[in-house]
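Undergrad: sequence unknown, structure follows:
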């Protein structure tokens with residue numbers, strides 16, 4: 001399987017496909033095409049989320065006011081309970097995300113850890 005080939009049409013709605021996982025960890029491919037979280041909606045998850053943008057572009061907003069723009073190759077590791085939302089995805093082409101949801105060994109992190117080239 002190739003994560004960038006045979007993309008589903010996400011023009012009407014974001015598409016989430018579970019690729020692998022068990023009770024503690026799951027891996028998903030998400031395809032967006034101009035979608036964003038509804039105004040006032042925040043993800044507030046019990047698990048950590050490692051997100052890598054493979055194609056396209058997106059902007060994440062965090063409840064603390066931080067904004068993070070991601071392009072191909074950019075990733076962020078979001079700590080549990082760190083409220084965030086998708087503020088924007090590219091309306092001109094598909095944005096392909098690889099998301100890994102996991103329970104961290106320790107939950108002492110309180111801030112988003114990101115690494116952008």
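TA: Received it, and whenever you're ready, just let me know what you need. These figures come from a predicted structure and were not determined experimentally. Residues are numbered from 1 along each chain as shown.
Undergrad: quickly find the element holding residue 26.
TA: Taking DSSP states H and E as the definition, one finds residue 26 inside strand 25-32.
Undergrad: let me redo that: residue 88
TA: Per DSSP H and E, residue 88 falls inside strand 84-89.
Undergrad: list of residues touching that strand?
TA: By C-beta atoms under 8 Å, 6 or more residues apart in numbering, the surrounding residues in contact with strand 84-89 are 32-37, 41-43, 56-63, 67, 78, 95, 112. To be clear about C-beta, it is placed using only N, CA and C from the backbone, and glycine gets the same treatment.
Undergrad: so for this structure, the centremost residue is which one?
TA: Nearest to the geometric centre of the chain sits residue 51, at 4.5 Å (C-alpha atoms, centre = their mean).
Undergrad: was I right about residue 10 contacting residue 29?
TA: No: at 11.0 Å, residue 10 and residue 29 do not qualify as touching, with contact defined as C-beta atoms under 8 Å.
Undergrad: ok, now which ones touch the nearest residue to residue 8 once chain neighbours are set aside?
TA: Of all residues not flanking residue 8 in the chain, residue 15 sits nearest, at 4.6 Å (C-beta to C-beta, 6 or more residues apart in numbering). By C-beta under 8 Å, 6+ apart, the contact list for residue 15 reads 8-9, 30-31.
Undergrad: could you give the number of residues near residue 30?
TA: By other C-beta atoms under 10 Å, the residues close to residue 30 number 21.
Undergrad: got any ranges where this protein has weak pLDDT?
TA: Residue ranges of the chain with pLDDT under 70: 106-117.
Undergrad: what segments of it are strands?
TA: Under the criterion DSSP state E, strands of the chain are mapped to 15-21, 25-32, 48-55, 58-62, 67-70, 75-78, 84-89, 95-102, 113-115.
Undergrad: tell me the contacts of residue 90?
TA: Remark: with contacts taken as C-beta under 8 Å, 6+ apart, residue 90 is in contact with 32-34, 56-58.
Undergrad: perfect, that will be all.
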